[in-house]
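Engineer: Can you look at this prediction? I've put the sequence above it.
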Amino acid sequence: MEQQKLSGSRFGDAAERYLNSAVHAKGQDLERLSKLVRGPIRALDLGCGAGHASFALASNGAHVTACDVSDKMLEVVSREAASRNLGIETVLAPAEELPFEGASFHLVVTRYSAHHWLDLKGALAEVARVLAPGGRFVAIDSIAPEKPLFDTVLQTIELLRDASHVRNYRVSEWKSMLAE
């Protein structure tokens, strides 16, 4: 729980910078996300940050719920969504404890937040629970190298750079956890 407070505080203080960051606000990944929306689907942006994935999904007609542990990030999302005339609901909750009914969403997206989640396996179980049958999960995040030494170096650098960092996962780890 302390780690979630750390993430909420650290990123809440930087909410405006994340909204205006070219690195976060643009990218082919956002264009590809928007193309996943065909009609009025229900989508969850998990660990939404400043809401860039939410905006991409909602601009193509999705009914989006933006979820994060930072109330300041959610305030930024609400304000920016209103300025863009996008009806995006915001919910304060950690990825590991989602307050939604099962099978609530056709699409669950996370973009650059999973490496902050305290319990990725628990969060993935929650994603599976809230996804409707035939729904899709899209995870966009940095990954760790498969070589243990390189992985250790990366995790050390990330933790020194950002105390709310938990872990960048290897592709093999993602595959294993998603298979479970």
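Structural biologist: Great, that's in hand. Numbers count the residues shown, from 1 in each chain.

Engineer: Quick check: which element contains Pro99?
Structural biologist: Here Pro99 sits in a region with no helix or strand, counting by DSSP states H and E.

Engineer: Remind me what the longest strand along the chain packs against, helices and strands.
Structural biologist: If you go by DSSP state E, the chain has its longest strand at strand 131-140. The contact analysis (3 or more Cβ pairs under 8 Å, 6 or more residues apart in numbering; DSSP states H and E) places strand 131-140 against helix 28-35, strand 105-111. C-beta coordinates here come from the backbone N, C-alpha and C atoms, glycine included.

Engineer: Look up how far Thr156 lies from the residue located most distally from the centre of the chain.
Structural biologist: Most distant residue from the mean C-alpha position of the chain: Leu149, 27.4 Å away (Cα atoms, centre = their mean). Distance, Leu149 to Thr156, by Cβ to Cβ, to the nearest Å: 11 Å.

Engineer: Please list the outside residues in contact with stretch 138-156.
Structural biologist: 29, 33, 36, 53, 107-115, 165, 167-174 (Cβ atoms under 8 Å, 6 or more residues apart in numbering).
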